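1. Kindly generate the corresponding structure for this input.
(one chain, ligands or ions: 2)
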Amino acid sequence: MSDLTFAGPALLILALTIGFLLIVVVVMVVRAASGRKRASKGDRGDSAMLSMALQEAVAKLKAQERQMAARAEASERLAGQIVAGLTSGMVVVDRTGEVRTMNPAARRILGLDAEAGTGPVADILRSVPALAEVIGEALQTSAPIVRRTVTLEGGGKPSHLGVTVSHITAADGAMQAVVCLFTDLTAVVELEERLRLKEALARLGELTAGLAHEFRNGLATIHGYGRLLDPAALPEPARTYVNGIRAETTALGEVVTNFLRFAKPEQFVMAPVDLRAIVLRAIHDLPGAAAVTTFEGTFGTVNGDDVLLRQAFSNLLRNSLEACAGGHTAPAIVVSGDVKGGDVYVTVDDNGPGLSPAAVSRLFQPFATTKAAGTGLGLAIVQKVIVSHNGVVVAASSPAGGARFQVRLPIRPVS
Ligand SMILES: Nc1ncnc2c1ncn2[C@@H]1O[C@H](COP(=O)(O)OP(=O)(O)OP(=O)(O)O)[C@@H](O)[C@H]1O
Ligand SMILES: [Mg+2]
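-> Ligands and ions are numbered 1, 2, ... in the order given. Predicted coordinates for the structure are as follows:
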């Protein structure tokens with residue numbers, strides 16, 4: 001920490017002063033001794049007094065030196081305590097790119113070893129290259145970097161950091177080092193993302209619900225006229241055409257009805273609900289699911305709408321069953337719960353063919369389906385329900401070989 005205090009120069013000046021005074025005392029004493037023979041009685045008295053005064057001055061200066069050293073030590077200790085106690089991460093990198101200081105919060109946030117300390121910044125921060133890059137950028141410029149959001153790859157550490165980098169300059173204005181301060185913004189970014197999704201869903205609902213409603217009216221009219229035509233009384237090929245019109249309008253009517261159900265703002269009936277019971281009920285209500293599903297782990301109580309949450313888990317289970325059927329595998333689904341850091345995680349793993357690239361790029365979007373008979377609303381509904389419960393749903397590959405969908409919901413705070 002010595003490079004962060006100004007005690008060094010002051011102590012140096014004090015030491016030089018004391019040295020100079022000591023030389024003066026020595027010169028005086030030598031001169032007094034050599035001139036002793038010549039000096040009169042009065043001269044001897046004067047030099048003795050002078051030497052005493054100088055000794056007193058030296059003693060005073062030495063006391064001051066001790067005080068200043070103690071003060072410098074105390075301020076250094078305080079600076080060390082402040083840096084160690086910071087909840088934000090702090091990394092000081094000198095102009096040659098060497099990490100000079102790293103506080104415990106930095107190691108904790110970045111998931112680095114307790115020993116990680118000094119050395120080239122690219123080595124020390126090799127597991128977080130995005131952060132090393134920002135520091136490198138600051139070393140190239142004189143302008144500070146203020147509140148930049150940096151996205152980190154890989155698990156086990158925050159996915160987003162809020163980073164500020166400022167410069168330490170010498171008296172001549174030359175840059176000496178950069179100080180990088182950062183905080184974990186993962187929760188904030190997730191919250192923003194949830195709000196954005198909620199708003200997007202609400203806008204989508206408003207925009208399209210009116211349109212879908214008009215479609216439904218038009219379809220009902222076409223369907224009505226189609227019904228007035230009796231296919232049996234019609235010659236071929238008109239009979240086939242009328243049957244085709246009827247079948248298509250029925251199918252389209254169902255799509256529009258489903259979409260309207262998805263788009264309309266839900267009236268949530270929020271209450272404390274046992275997530276374990278909800279998931280179990282979803283498994284048992286879905287035909288064919290209970291026999292092939294393993295249910296394990298711990299669940300919690302969340303604030304939610306019992307019916308909608310059940311629908312969300314049912315959609316995930318149905319997708320798993322359908323994926324296995326499509327991939328011609330005997331289904332083995334695992335639904336597991338875990339409670340961590342105020343959230344409950346429910347994971348649905350299957351051994352189906354996994355997510356196809358076509359599905360991954362449009363996952364959770366309404367009408368995105370790879371199934372001939374699918375409407376592509378199942379996952380859009382899951383996302384809408386979970387986001388409305390302040391949760392998150394993500395998709396990944398399952399270690400079981402198929403797809404994994406994980407829902408995270410906040411545990412109901414104990415009041
Ligand atoms: N467990 C899974 N394994 C593999 N692919 C999946 C899985 N779950 C979803 N998908 C893919 O995501 C797409 C969208 O799923 P979604 O539930 O939204 O619609 P759908 O199942 O096609 O139709 P719907 O649920 O409306 O009947 C699916 O068509 C499929 O390609
Ligand atoms: Mg589905």
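2. Can you get me the centre-to-centre distance for the longest helix anywhere in the chain and its chain?
-> In the chain, assigned by DSSP state H, the helix with the most residues is helix 41-85. Taking Cα atoms, centre = their mean, to the nearest Å, one finds helix 41-85 lying 52 Å from the centre of the chain it belongs to.
3. part of a strand, is residue 338?
-> Yes: Residue 338: assigned to a strand according to DSSP: H, G, I helix; E, B strand; the rest coil.
4. What about it, how many residues nearby?
-> Residues lying near residue 338 (other Cβ atoms under 10 Å) number 16. Every C-beta, even on glycine, is put in place using the N, C-alpha and C of the backbone.
5. Just read off the phi/psi values of the closest residue to it other than its chain neighbours.
-> The shortest distance from residue 338 to any non-neighbouring residue, by Cβ to Cβ, 6 or more residues apart in numbering, is to residue 345 (4.6 Å). For residue 345, the backbone dihedrals (degrees, to the nearest 10) come out as phi -110, psi 130.
6. again with residue 198
-> Per-residue torsions, residue 198: phi -60, psi -50 (degrees, to the nearest 10).
7. now do residue 147
-> Per-residue torsions, residue 147: phi 40, psi 60 (degrees, to the nearest 10).
8. Would you agree it is in contact with residue 162?
-> Yes: if you go by Cβ atoms under 8 Å, residue 147 and residue 162 touch, sitting 5.7 Å apart.
9. So which of those two has more stuff around it?
-> residue 162 (18 against 10).
10. Name whatever forms a beta bridge with that one.
-> When assigned by DSSP bridges, residue 162 has beta-bridge partners residue 149, residue 183.
11. Can you give me the distance of it to residue 409?
-> Separation of residue 162 from residue 409 (Cβ to Cβ, to the nearest Å): 26 Å.
12. Can you point out the buried residues in stretch 118-138?
-> Residues of stretch 118-138 classed as buried: 121, 124, 125, 127, 128, 131, 132, 134, 135, 136, 138 (neighbour count, 16 or more other Cβ atoms under 10 Å).
13. Enumerate the positions of stretch 227-237 that are buried.
-> For stretch 227-237, burial by neighbour count (16+ other Cβ under 10 Å) applies to residue 229.
14. That stretch - what's its average pLDDT?
-> Mean pLDDT, computed over stretch 227-237, is 85.
15. how much space is there between the closest residue to ligand 2 within the stretch 301-415 of the chain and residue 325?
-> Proximity of the stretch 301-415 of the chain to ligand 2 (Cβ to the ion) peaks at residue 378, 2.7 Å away. Separation of residue 378 from residue 325 (Cβ to Cβ): 15 Å.
16. which intervals of the stretch 151-300 of the chain have sub-threshold pLDDT?
-> 155-156, 265-266 (pLDDT under 70).
17. neighbours around the residue in the stretch 1-150 of the chain positioned nearest to ligand 2, how many?
-> For the stretch 1-150 of the chain and ligand 2, the shortest gap (Cβ to the ion) falls at residue 149, measuring 33.9 Å. Applying other Cβ under 10 Å, we find 11 residues neighbouring residue 149.
18. tell me the SS of the closest residue to the residue of the stretch 301-415 of the chain closest to ligand 2 other than its chain neighbours?
-> Nearest non-adjacent residue to residue 378, counting by Cβ to Cβ, 6+ apart: residue 315, 4.2 Å away. Here residue 315 is helix, with the state taken from three-state DSSP.
19. hang on, residue 315 packs against residue 375?
-> No: at 11.1 Å, residue 315 and residue 375 do not qualify as touching, with contact defined as Cβ under 8 Å.
20. So which of those two has more stuff around it?
-> residue 315 (21 against 18).
21. what's the more buried one in contact with, if anything?
-> 378, 379, 381, 382 (Cβ atoms under 8 Å, 6 or more residues apart in numbering).
22. What of residue 222?
-> Contacts of residue 222 (Cβ under 8 Å, 6+ apart): 245, 249.
23. next one: residue 255
-> Going by Cβ under 8 Å, 6+ apart, residue 255 touches residue 375.
24. quick one: it and ligand 1, what's the gap?
-> Noted for residue 255: a distance of 9 Å to ligand 1, by Cβ to the nearest ligand atom, to the nearest Å.
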